[in-house]
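Chemist: Sequence below, structure please.
(2 chains)
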Amino acid sequence: MNRASLHRALSCLGIALLMIFAVGVVFLGSLSLDSPAMAQSQGKAPGNALGNVSDPEFWRQVRRGSAGTVSIPDKKAAVLVQSGGESWRVKRNGPISRYGAWGLVATVMLMVAFYLIRGRIRIESGFSGRLIRRFSNIEVFTHWLTAFAFIILAITGLNVLYGKYVLLPVIGQESFAVIAGWGKFAHNYIAYAFILGIVMEIVLWLKDNLPDRYDAGWLAQGGGLFKKGVHPPAGKFNTGQKMIFWMIIVGSGFNIFTGLNLLFPFYLMDLEQMQLMLILHSISGLLLMFVIIAHIYIGTVGTEGAIDAMRTGYVDENWLLQHHSACVPKKD
Amino acid sequence: MARMKFLCDAERCIECNGCVTACKNENAVPWGINRRRVVTINDGKPGERSISVACMHCSDAPCMAVCPVDCIYETEEGVVLHSKDLCIGCGYCFYACPFGAPQFPQAGNYGSRGKMDKCTFCNGGPEEDNSQAEFQKYGRNRLAEGKLPLCAEMCSTKALLAGDGSEVADIYRERVVARGFGSGAWGWGTAYERKS
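Modeler: Residues are numbered from 1 along each chain as shown, chains lettered A, B, ... in the order given. Okay, the predicted model is just below:
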């Protein structure tokens, strides 16, 4: 092999090596460019660090209240957006406040209208002067325990819902805050007196409020409410009173259950359920107030002689004959 | 008048909790209360993002709407503040708030919660600006000193922005354009849009 041919062979080998190297570089380079870690497209962070969830999907989940993790003890703080509060706000400041106020006014108007049309239901044969024991002292006590507790709860409760619009502009922010603060304490603690009263009422009066044979007749005659001189017979409690009793028991049951959950927040309920408790508490409280307004009217202005039953426990014999003829003690 | 807003850039937040510490220190926040917190979504997984969150100082704030004593108010700069003298600790603001901002010093029953505490955008309360009484109840009033909230000022990655809403939005818009992706202006829809 002469010198020239060796030179040609070497240069051929060099070109071949160069080409292999170039192909290799292009091949390996394309490999490395294919790997996602190196793809610098659109300024995204390398390494699939943001995951496969799209941004809109990620933020949608956050908006819908998905929880993350927090390093502070209060793990409830891990939720970024909870929207239950806003629907609670809309319901509370909207329909509940509006219909509640209308309902209260309507109930009072209804009582006034009833009074104007029907007038006071008098004892038709007048007071006899003979008194008959209708309620024992414990029954009278139970009634007033529940009654005063309810009135305080109702007023302080209404103050929480409406005080800002009704009382605050009249007496000013500072005085209103003091009253509302004490009102809240009263509401929280007098609740227990109310619970005791309701339990005692159930024990004392449940048996007298079960359906009996006078109910059908009483209902058929509308309880004599709308016509003078009609007095369907009734036992210790007539059907109207029984209905009020059961509305009070069921309504109070609702109020007590929801109220206890509000007094002991988050023991049984999570945040969403607490908001539901607040809604139910205000609705059942307002409904109970409608019932009690009617009850107060019938027991005081509406019916002559009725208040004596709860003032002294004694009623006039003629009153009892007229309203509860089936439970007048037999004369010897 | 400027409308103050917070914005946390989730592409930048590294969960260092510097904002939480800055807030606690600057405002002498009571033990057990975090006016600001950092929430991490998908912690340790691909797609992990952290977000610093406090009171967003909402427009038409839900807390204001449900407060039975009207102790929460909005300043001319859109900052939502409250009076601890008027607060009765009923907790309604907590139930209403979308961001879990209102907190109470005690987690007790029977309304033994104490007075509500929340982020003030470093703007104190109804007391005289920078008075001792204001500091004790609400912390520093940096806005009255011409400064912005310390959490955002001290953010190491400038993820947390605080200030005039239009300027904050401008900065964030620039970032989105420069990055070419991502426009999760976190919480703005909930906080600042019109409520239905």
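Chemist: Centre-most residue in the chain?
Modeler: I'll assume chain A. A:Leu280 (2.0 Å; Cα atoms, centre = their mean).
Chemist: that answer is for a different chain, and I need it for chain B
Modeler: B:Cys55 (2.8 Å).
Chemist: OK, contacts around that residue?
Modeler: B:Arg35, B:Val80, B:Cys97, B:Phe99, B:Ala101, B:Pro102, B:Lys118, B:Cys119, B:Thr120, B:Phe121 (Cβ atoms under 8 Å, 6 or more residues apart in numbering or on different chains). Where you see a C-beta, it was placed from the backbone N, CA and C, and this is true even at glycine.
Chemist: Around chain B, which positions in the stretch 201-332 of chain A sit nearby?
Modeler: A:Leu263, A:Phe264, A:Pro265, A:Leu271, A:Met274, A:Gln275, A:Leu278 (Cβ under 8 Å from any Cβ of the partner chain).
Chemist: surely the fourth one meets B:Cys97?
Modeler: No. A:Leu271 is beyond contact range of B:Cys97, at 10.4 Å (criterion: Cβ atoms under 8 Å).
Chemist: which helices and strands does the helix or strand where B:Ala178 lies pack with?
Modeler: Per DSSP states H and E: B:Ala178 is located in helix B:165-179. Helix B:165-179 is packed against strand B:4-8, strand B:160-164, with contacts defined by 3 or more Cβ pairs under 8 Å, 6 or more residues apart in numbering or on different chains; DSSP states H and E.
Chemist: now for the next helix or strand after the first one, which elements pack on it?
Modeler: Translated: strand B:4-8. The helix or strand immediately downstream of strand B:4-8 is helix B:18-27, counting by DSSP H and E. For helix B:18-27, the elements it packs on are strand B:37-41, helix B:150-153, judged by 3+ Cβ pairs under 8 Å, 6+ apart.
Chemist: Chain A is nearest to which of the ones you listed?
Modeler: strand B:37-41 (4.0 Å; Cβ to the nearest Cβ).
Chemist: sorry, back to before: shared neighbours, A:Leu271 and B:Cys97?
Modeler: If you check A:Leu271 and B:Cys97 against Cβ under 8 Å, 6+ apart, no residue is contacted by both.
Chemist: Compare those two (neighbour count), which wins?
Modeler: Each of A:Leu271 and B:Cys97 has its neighbours counted (other Cβ atoms under 10 Å in any protein chain shown); B:Cys97 has more, 23 against 19.
Chemist: of the residues of the stretch 201-332 of chain A next to chain B, closest to B:Gly125?
Modeler: In terms of Cβ to Cβ, no member of these lies closer to B:Gly125 than A:Pro265, at 25.5 Å.
Chemist: deepest of the helices and strands packed on helix B:165-179, which one?
Modeler: strand B:4-8 (a mean of 26; mean count of other Cβ atoms under 10 Å in any protein chain shown).
Chemist: Parallel or antiparallel, list what pairs with that one.
Modeler: Sheet pairing here is set by DSSP bridges, and for strand B:4-8 it gives strand B:160-164 (antiparallel).
Chemist: before we move on, the earlier item: in the helix holding B:Ala178, what's buried?
Modeler: B:Gly165, B:Val168, B:Tyr172, B:Arg175, B:Val176, B:Arg179 (16 or more other Cβ atoms under 10 Å in any protein chain shown).
Chemist: for those residues, which one is nearest chain A?
Modeler: Nearest to chain A among the buried residues of helix B:165-179, with distances taken as Cβ to the nearest Cβ, is B:Arg179, at 5.2 Å.
Chemist: pretty sure that closest one is in contact with B:Glu11, am I right?
Modeler: Yes. With contact defined as Cβ under 8 Å, B:Arg179 reaches B:Glu11; the gap is 6.9 Å.
Chemist: rewinding a little: what about the residue nearest to the centre of chain A, distance to A:Lys164?
Modeler: 21 Å (Cβ to Cβ, to the nearest Å).
Chemist: for B:Cys58, same thing?
Modeler: 19 Å.
Chemist: Could you do B:Val39 as well?
Modeler: 33 Å.
Chemist: higher neighbour count, these two?
Modeler: B:Val39 (25 against 18).
Chemist: Run a quick neighbour tally on the nearest residue to that one once chain neighbours are set aside.
Modeler: Of all residues not flanking B:Val39 in the chain, A:Gly68 sits nearest, at 4.3 Å (Cβ to Cβ, 6 or more residues apart in numbering or on different chains). Counted by other Cβ under 10 Å, the residues lying close to A:Gly68 total 20.
Chemist: Hmm, B:Val38 and A:Gly68 touching each other?
Modeler: No. Taking contacts as Cβ under 8 Å, A:Gly68 lies outside contact range of B:Val38: 9.2 Å.
Chemist: Need the residues touching each of those two.
Modeler: B:Ile51.
Chemist: picking that back up, could the helices and strands packed on helix B:165-179 be laid out in TSV, adding distance to A:Val178?
Modeler: Shown next, in TSV, are these (distance: least, Cβ to Cβ, whole Å):
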stretch	distance to A:Val178
strand B:4-8	32
strand B:160-164	35
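Chemist: Pipe the ones you listed into a markdown table and attach mean pLDDT per row.
Modeler: As requested, the helices and strands packed on helix B:165-179 are arranged in a markdown table below (pLDDT from 0 to 100):
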| stretch | mean pLDDT |
| --- | --- |
| strand B:4-8 | 94 |
| strand B:160-164 | 95 |
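Chemist: Those strands: which one's closest to A:Val301?
Modeler: strand B:4-8 (56.9 Å).
Chemist: residue of chain B with the smallest distance to chain A?
Modeler: Nearest to chain A, among the residues of chain B, is B:Gly47, at 2.5 Å (Cβ to the nearest Cβ).
Chemist: tell me the SS of that residue?
Modeler: Applying DSSP: H, G, I helix; E, B strand; the rest coil to B:Gly47 yields a three-state assignment of coil.
Chemist: ok, it to B:Cys155 distance?
Modeler: Counting by Cβ to Cβ, the gap from B:Gly47 to B:Cys155 is 22 Å.
Chemist: More neighbours: those two, which one.
Modeler: Using other Cβ under 10 Å as the criterion, B:Gly47 and B:Cys155 rank with B:Cys155 on top: 23 against 16.
Chemist: residues contacting the residue nearest to that one when sequence neighbours are not counted?
Modeler: Counting by Cβ to Cβ, 6+ apart, B:Cys155 lies nearest to B:Cys19, which is 5.8 Å off, once chain neighbours are set aside. By Cβ under 8 Å, 6+ apart, B:Cys19 lies in contact with B:Arg36, B:Val38, B:Ser52, B:Cys151, B:Ala152, B:Met154, B:Cys155, B:Leu160.
Chemist: Neighbours of the nearest residue to B:Ala61 once chain neighbours are set aside, how many?
Modeler: Closest residue to B:Ala61 apart from its sequence neighbours, by Cβ to Cβ, 6+ apart: B:Val80 at 5.0 Å. B:Val80 has 24 neighbours, counted by other Cβ under 10 Å.
Chemist: Surely the residue nearest to the centre of chain A touches A:Thr258?
Modeler: Yes. With contacts counted by Cβ under 8 Å, A:Leu280 reaches A:Thr258, the gap being 4.8 Å.
Chemist: Which pLDDT does the model give A:Arg118?
Modeler: pLDDT recorded at A:Arg118 is 88.
Chemist: distance of it from A:Phe226?
Modeler: Taking Cβ to Cβ, one finds A:Arg118 at 7 Å from A:Phe226.
Chemist: Lowest average confidence across helices and strands of chain B, where is it?
Modeler: helix B:188-192 (a mean of 76; mean pLDDT, DSSP states H and E).
Chemist: quick one: contacts for B:Val39?
Modeler: With Cβ under 8 Å, 6+ apart, B:Val39 has these contacts: A:Gly68, A:Thr69, A:Val70, A:Ala77, A:Ala78, A:Leu80, B:Ser50, B:Ile51, B:Val53.
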